[in-house]
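Q: structure for this input, please:
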Amino acid sequence: MAELRKNPLTREWVIVTTEPPHFAEGQDGCPYCPGSEHRCGPELLAYRDPNTPPDTPGWWVRVVPSGVSQFDSEGDVQRHDEGIYDTMRTVGADEIVIETPTHDEAALVADAQQSEDALWACRERYARWCAPDLVKSVVISRLYPAHDPEHPHWRLLALPVVPQRLWELAKGLEQYYDYRGRCGLCHIAEADREDGQRMVVENRHFVALAPYASMYPYELWIIPRRHQASLACAQRQEMHSLARILADAMRALKGALHNPHCVLTFMCAPCNIEGMEHFHWFLRVLPNVTAPTRAALKYGICVNPVAPETAAHHLRRSAVALLASRP
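A: Next comes the predicted model:
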């Protein structure tokens with residue numbers, strides 16, 4: 001069982017979940033490798049040899065339900081109060097974009113065509129989940145190197161809420177437009193290209209730069225040079241360029257920081273909400289963040305696997321036992 005709970009002070013939504021992963025049991029090995037298709041549930045999208053049937057080997061990019069998904073793709077969110085608190089059902093989607101059949105990270109930096117196809121699959125699924133009115137944000141993220149399992153993959157969450165940090169970014173871009181009369185990300189990309197101090201690499205469609213007010217050491221933003229609110233607006237030739245500049249950026253981080261662990265997150269406009277035309281999407285790359293922070297950044301929203309009621313119950317029992325043992 002899982003639900004969305006809202007912090008009444010910070011207005012942040014949290015997914016509280018207690019279900020373990022439900023990959024098919026009784027088999028060893030990676031559930032994302034060819035030959036293990038049956039362990040992941042029916043494929044939702046695949047780029048494969050046309051002579052091969054679904055859910056069999058022969059694919060080079062594959063999208064499947066997440067093994068830890070607790071989202072319902074249909075139904076109402078049923079938002080309601082629990083005393084002073086707000087809660088709702090986890091209606092939306094939790095999907096895995098398996099980037100390559102190969103169980104290593106080479107594709108992201110060595111095989112631009114493979115990476116491009118995976119990014120295009122992310123775009124396709126993003127566009128699919130932006131359509132339903134109940135979805136208010138779609139977060140696509142990835143760990144590098146991959147973890148749990150250690151097979152290259154992106155994770156997509158389609159949510160009935162907007163993560164607070166994404167909402168703040170959307171409002172910041174709106175206020176910037178009201179103040180300056182132009183898109184903030186377009187202005188940043190243009191100004192930093194001219195200045196040069198924070199530029200890392202660029203190509204025809206993207207710039208990769210270290211943001212002026214970076215929150216993390218070696219943080220990178222990969223920004224489209226053409227104004228577009230979300231990944232759904234990207235064209236195929238832009239995905240071609242994105243795959244190549246992402247590979248260049250990851251090589252630069254690898255050389256400078258000696259194989260850092262990174263979180264990659266697409267920052268895209270909230271869905272089905274008016275006034276988002278000033279948003280400008282970008283890909284955020286954060287290296288060497290701590291494990292707890294990595295989890296929160298990966299999903300764009302905190303996912304708590306232990307309900308606070310369960311935690312409090314265990315802590316009370318522990319406290320009672322300690323008190324009872326005192327002389």
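
Q: going forward, measure contacts and count neighbours with C-alpha atoms only.
A: Noted.

Q: would you map the strands across the stretch 1-150 of the chain?
A: Using DSSP state E, counting those that start in this stretch, the strands of the stretch 1-150 of the chain run over residues 2-6, 13-17, 45-48, 59-65, 80-82, 85-89, 93-98, 137-144.

Q: list the contacts of the last one.
A: Residues external to strand 137-144 that are found in contact with it (C-alpha atoms under 8 Å, 6 or more residues apart in numbering): 105, 122, 126, 129-130, 152-163, 261-271, 298-300.

Q: dump the residue contacts of Val14.
A: So Val14 contacts 4-7, 301-304 (C-alpha under 8 Å, 6+ apart).

Q: quick one: which of those residues is nearest Ala229?
A: Ile301 (20.2 Å; C-alpha to C-alpha).

Q: can you count the residues close to the closest one?
A: If you count neighbours by other C-alpha atoms under 10 Å, Ile301 ends up with 22.

Q: report pLDDT for it.
A: We have a pLDDT of 75 for Ile301.

Q: ok, and the closest non-adjacent residue to it?
A: Closest residue in space to Ile301, ignoring its immediate chain neighbours: Pro163 at 5.8 Å, by C-alpha to C-alpha, 6 or more residues apart in numbering.

Q: rewinding a little: just the contacts of strand 137-144: which are in strands?
A: 153-159, 262-267 (DSSP state E).

Q: among the residues you listed, which two are most distant?
A: Of all pairs drawn from the ones in strands among the contacts of strand 137-144, the greatest distance, 23.3 Å, lies between Leu159 and Cys262 (C-alpha to C-alpha).

Q: tell me where this protein has helices.
A: Per DSSP state H, the chain carries helices over the ranges 106-110, 112-130, 164-180, 184-195, 236-257, 291-299, 308-325.

Q: so what does the fourth one touch, helix or strand wise?
A: Applying 3 or more C-alpha pairs under 8 Å, 6 or more residues apart in numbering; DSSP states H and E, one finds that helix 184-195 contacts helix 164-180.

Q: can you point out the buried residues in the helix it packs on?
A: By neighbour count on 16 or more other C-alpha atoms under 10 Å, the buried set for helix 164-180 is 166, 169-171, 173-174, 176.

Q: so the residue nearest to Ile301 versus Ser115, what's the distance?
A: 27 Å (C-alpha to C-alpha, to the nearest Å).

Q: tell me which of those two has more neighbours.
A: Ranked by neighbour count (other C-alpha under 10 Å), Pro163 and Ser115 place Ser115 first, with 25 against 22.

Q: how close does the more buried one sit to Gly181?
A: Ser115 is 36 Å from Gly181, where distance means C-alpha to C-alpha.

Q: one more: Arg193?
A: From Arg193 to Gly181 the distance is 20 Å (C-alpha to C-alpha).

Q: quick one, which of the two is more surrounded?
A: Counting neighbours by other C-alpha under 10 Å for Arg193 and for Gly181 shows that Arg193 has the greater number, 18 against 10.
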